[in-house]
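**Student:** Structure here, sequence nowhere to be found:
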């Protein structure tokens, strides 16, 4: 039985969805075949669905020529799209809210992560005597890039323990070998980063974990609810002008989400570029296993996720205009609902 447009809108559960619903465009032509996607640290497991969609040819299957542009952190990828040098971001969900607070309307339309996957840890070299979050005052915390989701998670953790973002110094260290080197050499006292960076440092006994969002339970404990993370997002203007292209992108990501959960860490490690492994395939597979729960299974944003993200932003951004944010305009499940209909299985 085919679904009516009204049925699709009901399923989406998003206020105002009728203004941009893709409306059964499966047989229609793509408005834009060449699409550039900005990402901040593609080798991270956080962005694995993007990599799998590209490696397995899912973008090409949808008629897309996807060019992935890698940056040092999510905030840099965001700047690329806002500046016009990329079409879409594969990045943190909460950036859509930050952009709206500045009068810029961007919308997440395909989820890659069900939890942030960010770990905050202290150095066993410079903070061997760490006892409580208060010990972080005056310390240097390495993040992928200032303003990125790693920065937000660390600041939110500090806020919950009575510290202000200005009580520490945030240092951009990237999301790969540079971050590991910064911790090894004592350039930073703590780190907010993701796997495989975190697992590498744990294996070396270089860090002590003090906050972890690689599981749904820990994420809810830290943020107070489901916290959506990696996603595809772009401007509302792009979605309005290219609904078929947005649908094709969502199809590829949902297919990748499902492929990841249908395959073992062994199989996944075989297909990713060697550079993702950081020289230790067994460690990478262990990191995959530890993050699997935090990777989306179907591309859907949880109903309470957008509000959790808004609450987190308001908790650490000074004078954040929380009451002026229309949360319904920063996300939609419309495209992934259709993608799941097209690809019900991996």
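**Tutor:** In hand now; what should we look at? None of these values were measured; they are calculated from a predicted model.
**Student:** can we go C-alpha only for contacts and neighbour counts from here?
**Tutor:** Fine.
**Student:** Does residue 81 belong to a helix, a strand or coil?
**Tutor:** Secondary structure, DSSP: H, G, I helix; E, B strand; the rest coil: residue 81 is helix.
**Student:** so who does it touch?
**Tutor:** Contacts for residue 81 (C-alpha atoms under 8 Å, 6 or more residues apart in numbering) come out as 38, 87-89, 234.
**Student:** can you redo those residues as JSON lines with secondary structure and distance to residue 78?
**Tutor:** Formatted as JSON lines, those follow (DSSP: H, G, I helix; E, B strand; the rest coil; distance: C-alpha to C-alpha, whole Å):
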{"residue": "38", "secondary structure": "strand", "distance to residue 78": "7"}
{"residue": "87", "secondary structure": "coil", "distance to residue 78": "10"}
{"residue": "88", "secondary structure": "strand", "distance to residue 78": "9"}
{"residue": "89", "secondary structure": "strand", "distance to residue 78": "6"}
{"residue": "234", "secondary structure": "strand", "distance to residue 78": "9"}
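**Student:** So which of those residues wins on neighbours?
**Tutor:** Top of the contacts of residue 81 by neighbour number is residue 89, holding 30 neighbours under the definition other C-alpha atoms under 10 Å.
**Student:** Model confidence for it, exactly?
**Tutor:** pLDDT, residue 89: 97.
**Student:** Name whatever forms a beta bridge with it.
**Tutor:** On the basis of DSSP bridges, residue 89 takes part in beta bridges with residue 38, residue 233.
**Student:** Neighbours of residue 345, how many?
**Tutor:** 12.
**Student:** any idea what sits nearest it, other than its immediate chain neighbours?
**Tutor:** residue 258 (7.1 Å; C-alpha to C-alpha, 6 or more residues apart in numbering).
**Student:** residue ranges for the helices of the stretch 151-300 of the chain, please.
**Tutor:** Secondary structure of the stretch 151-300 of the chain (DSSP state H, counting those that start in this stretch): helices located at 177-184, 197-203, 216-223, 236-241, 243-262, 265-271, 281-291.
**Student:** export the contacts of residue 81 to CSV and tack on distance to residue 327?
**Tutor:** Converted to CSV, those look like this (distance: C-alpha to C-alpha, whole Å):
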residue, distance to residue 327
38, 23
87, 22
88, 20
89, 19
234, 15
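**Student:** What is the nearest of those to residue 273?
**Tutor:** residue 38 (18.1 Å; C-alpha to C-alpha).
**Student:** how far away is the closest one from residue 84?
**Tutor:** 11 Å (C-alpha to C-alpha, to the nearest Å).
**Student:** Low-confidence bits of the stretch 1-150 of the chain, can you list those?
**Tutor:** Along the stretch 1-150 of the chain, the model assigns pLDDT under 70 to residues 1-27.
**Student:** Please enumerate the strands of the stretch 1-150 of the chain.
**Tutor:** 34-40, 65-71, 88-92, 106-111, 119-123, 140-143 (DSSP state E, counting those that start in this stretch).
**Student:** Tell me how far residue 236 lies from residue 339.
**Tutor:** Distance from residue 236 to residue 339, by C-alpha to C-alpha: 19 Å.
**Student:** which of the two has more neighbours?
**Tutor:** Of the pair residue 236 and residue 339, residue 339 is the one with more neighbours under other C-alpha under 10 Å, namely 24 against 18.
**Student:** list the contacts for the more buried one?
**Tutor:** Here residue 339 is in contact with 247, 250-251, 254-255 (C-alpha under 8 Å, 6+ apart).
**Student:** go again using 7 Å as the cut-off
**Tutor:** 250-251, 254 (C-alpha atoms under 7 Å, 6 or more residues apart in numbering).
**Student:** most centrally placed residue in the chain?
**Tutor:** residue 230 (1.8 Å; C-alpha atoms, centre = their mean).
**Student:** how about residue 39, what does it touch?
**Tutor:** Residue 39 touches 69-71, 74, 77, 89-91, counting by C-alpha under 7 Å, 6+ apart.
**Student:** Does residue 66 touch residue 35 like I think?
**Tutor:** Yes. In terms of C-alpha atoms under 7 Å, residue 66 counts as a neighbour of residue 35; the distance is 4.9 Å.
**Student:** Top of the contacts of residue 39 by number of neighbours, please.
**Tutor:** Counting by other C-alpha under 10 Å, top hit in the contacts of residue 39: residue 91 with 33 neighbours.
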